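Asks: pasting the sequence and the predicted coordinates here, then a few questions.
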Amino acid sequence: MITTDEFTADQPEIDPDDFGTESGTVELAGPAYDIDGDGILDTRTYEVDDAMIVATDTDGDGDADHLTIVDSGGEYSAWEFHRDADGRERWERIDEGGLGR
């Protein structure tokens, strides 16, 4: 699983594993936005510490499988949830950077 130590110094200091449940999943209770336009609410935003988290359930199972984290300084990281063939669950960072650069 991803640990906070694996974040680079300029990335938001929020660990997707710590944000979710013990299994590492993020239950998406009360989604408020439909970001893919299919008529189904699939996304919710959260404020944690000095960051905004956008959590999206792309497969409709009730758990977020994509997180985008943006901190107050404009640094961002995007994460996808994966379940490996052996059943291991993990968050994988798929993008990172800074806004306004």
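Replies: Yep, that arrived. Numbering: from 1, shown residues only.
Asks: count the neighbours of Ile40 for me.
Replies: Using other CB atoms under 10 Å, Ile40 has 10 neighbouring residues. In short, each C-beta sits where N, CA and C put it, glycine included.
Asks: how far away is it from Asp86?
Replies: 31 Å (CB to CB, to the nearest Å).
Asks: repeat that for Gly100.
Replies: 41 Å.
Asks: can you tell me the element the residue most central in space within the chain falls in?
Replies: In the chain, the residue lying closest to the centroid (CA atoms, centre = their mean) is Leu67, at 1.9 Å. In this assignment (DSSP states H and E), Leu67 forms part of strand 66-71.
Asks: helices or strands up against that strand?
Replies: helix 16-19, strand 51-56, strand 75-83 (3 or more CB pairs under 8 Å, 6 or more residues apart in numbering; DSSP states H and E).
Asks: can I get the ones you listed in JSON lines with distance to Asp95?
Replies: What follows is these, written out as JSON lines (distance: least, CB to CB, whole Å):
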{"stretch": "helix 16-19", "distance to Asp95": "13"}
{"stretch": "strand 51-56", "distance to Asp95": "13"}
{"stretch": "strand 75-83", "distance to Asp95": "4"}
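Asks: distance to Gly30, mean pLDDT and mean neighbour count for these - can I get that in CSV?
Replies: Below are those laid out as CSV (distance: least, CB to CB, whole Å; pLDDT from 0 to 100; neighbours: other CB atoms under 10 Å):
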stretch, distance to Gly30, mean pLDDT, mean neighbour count
helix 16-19, 16, 57, 19
strand 51-56, 11, 90, 19
strand 75-83, 19, 90, 18
